[in-house]
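A.B. asks: Only the shape, not the letters, is given here:
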């Protein structure tokens with residue numbers, strides 16, 4: 001038997017638990033884990049972001065200095081929203097994971113099971129790619145400068161921000177502790193980003209898989225040669241159609257549930273993502289160290305993936321859900337009974353309303369939205385660049 005589909009998210013759940021935001025799928029979390037989670041989040045999320053806010057307030061109002069500090073601050077807004085989603089919507093996430101393991105979502109035949117398995121495999125590959133890229137970007141910002149200091153005796157800076165609210169003497173005295181604190185906090189937040197972004201992508205990938213399975217089942221509602229009579233044949237086909245309708249209802253419930261979970265998060269993600277991309281492009285035009293340049297390039301690609309992949313999957317989900325009408329029409333419905341034809345008609349009428357995933361019901365997750373976001377980011381970039389040139393001259 002193939003593993004349950006929720007097993008595809010076992011790495012996500014493991015890292016959430018390790019970093020204090022996922023007590024598990026049990027109704028009552030362990031009290032010791034609650035203490036650990038509270039302490040960890042206060043130290044590495046609440047206090048961490050408070051220090052970043054204080055640092056941004058004291059940052060000198062020069063574009064080249066301000067840009068570097070703003071990048072991480074915008075990222076933290078998105079990270080905090082994602083962590084809040086896992087903390088406050090755990091029951092809904094558990095319900096979706098349980099729904100993924102139901103019999104209707106496993107595929108009714110070999111082709112259906114192959115479709116489901118293929119999409120689960122693709123999701124796991126994407127998880128690995130994003131994890132490798134994110135870890136490499138992190139190492140370029142934290143480990144590579146340390147190696148450069150040890151080998152080439154270069155100056156080592158703090159990895160996230162310079163804590164302008166502290167005096168230079170204080171930073172020098174506690175440099176190692178501050179460096180470790182920022183590095184550890186940065187890694188935890190990177191893990192949050194990777195494992196929550198891939199959760200959203202995984203939900204959408206598996207929704208597309210279920211709609212493809214449903215399309216396959218509808219197209220194969222054919223007249224069977226082994227049927228002994230028309231009445232018996234109609235009854236069998238009607239039962240198969242009702243099974244497809246039940247599957248479709250579960251898919252719609254699944255999409256509505258994860259839409260409710262990710263709606264606010266995706267709104268913040270796309271709003272902050274445009275700002276992050278704009279600021280990163282501005283930073284790439286500044287004179288940078290090699291390790292900082294590598295980090296900025298990797299960060300730019302990761303942020304672009306965080307916006308592009310959900311937009312592309314949202315477009316695929318819209319397209320595949322529209323194809324359900326075509327799949328129903330391809331079935332052998334003409335020679336069937338009147339009740340069968342009426343059932344098909346009702347199904348097609350419902351399928352005329354495709355599945356659309358939105359950000360806070362304001363904009364759809366689609367390639368058109370992604371293009372609009374990138375245009376906005378570039379427009380802001382040109383404006384900031386113009387102001388920078390004006391300041392230099």
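C.D. replies: The structure has been received and is ready for your questions. Only a predicted model underlies this, so the values are computations on that prediction, with no experimental measurement involved. Residues are numbered from 1 along each chain as shown.
A.B. asks: and the closest residue to residue 284 other than its chain neighbours, how far is that from residue 191?
C.D. replies: Using C-beta to C-beta, 6 or more residues apart in numbering and skipping the chain neighbours, the partner closest in space to residue 284 is residue 296 (5.4 Å). Using the backbone N, CA and C atoms, a C-beta is placed for each residue, glycine as well. Per C-beta to C-beta, to the nearest Å, residue 296 is found 20 Å from residue 191.
A.B. asks: avg pLDDT for the helix or strand containing the residue nearest to residue 284?
C.D. replies: Element membership for residue 296, per DSSP states H and E: helix 290-330. The pLDDT scores in helix 290-330 average 88.
A.B. asks: Show me what it is packed against.
C.D. replies: Helices and strands touching helix 290-330, by 3 or more C-beta pairs under 8 Å, 6 or more residues apart in numbering; DSSP states H and E, are helix 110-152, helix 175-219, helix 230-284, helix 338-351, helix 367-392.
A.B. asks: Name the residues of the helix or strand harbouring residue 95 that are buried.
C.D. replies: Per DSSP H and E, residue 95 falls inside helix 90-100. Across helix 90-100, burial judged by 16 or more other C-beta atoms under 10 Å covers 90, 93-97, 99-100.
A.B. asks: what packs against the helix or strand that contains residue 77?
C.D. replies: In this assignment (DSSP H and E), residue 77 forms part of helix 63-88. On a contact count with 3+ C-beta pairs under 8 Å, 6+ apart, helix 63-88 meets helix 47-58, helix 175-219, helix 230-284, helix 367-392.
A.B. asks: of all these, which gets the most neighbours per residue?
C.D. replies: Among these, helix 175-219 has the highest mean neighbour count (mean count of other C-beta atoms under 10 Å), at a mean of 21.
A.B. asks: Give me the below-cutoff pLDDT ranges for the stretch 1-150 of the chain.
C.D. replies: The stretch 1-150 of the chain contains residues with pLDDT under 70 at 1-2.
A.B. asks: make it 50
C.D. replies: Nowhere does the stretch 1-150 of the chain drop to pLDDT under 50.
A.B. asks: Quick check: residue 356 vs residue 321, distance?
C.D. replies: Separation of residue 356 from residue 321 (C-beta to C-beta): 8 Å.
A.B. asks: got the angle between the helix holding residue 296 and helix 338-351?
C.D. replies: Interaxial angle, helix 290-330 versus helix 338-351 (axes from the mean of the first three to the mean of the last three C-alpha atoms, to 10 degrees): 150 degrees.
A.B. asks: relative orientation of helix 290-330 and helix 110-152 in degrees?
C.D. replies: Here helix 290-330 runs at an angle of 170 degrees relative to helix 110-152 (the same axes, to 10 degrees).
A.B. asks: what angle separates helix 290-330 from helix 367-392?
C.D. replies: Relative orientation of helix 290-330 versus helix 367-392 (the same axes, to 10 degrees): 160 degrees.
A.B. asks: Distance from the chain centre to helix 290-330, please.
C.D. replies: Chain-centre distance of helix 290-330: 10 Å, with C-alpha atoms, centre = their mean, to the nearest Å.
A.B. asks: Over to stretch 333-343?
C.D. replies: Relative to its parent chain, stretch 333-343 has a centroid offset of 42 Å by C-alpha atoms, centre = their mean.
A.B. asks: Any idea how far apart the tips of it sit?
C.D. replies: With C-alpha to C-alpha, to the nearest Å as the measure, stretch 333-343 spans 10 Å from end to end.
A.B. asks: And stretch 320-339, by the same measure?
C.D. replies: End-to-end span of stretch 320-339 (C-alpha to C-alpha): 27 Å.
A.B. asks: contacting residues around it?
C.D. replies: The contact list for stretch 320-339 (C-beta atoms under 8 Å, 6 or more residues apart in numbering) reads 208, 211-212, 214-216, 218-223, 234, 237-238, 248, 340-341, 344, 347-348, 351-352, 354-355.
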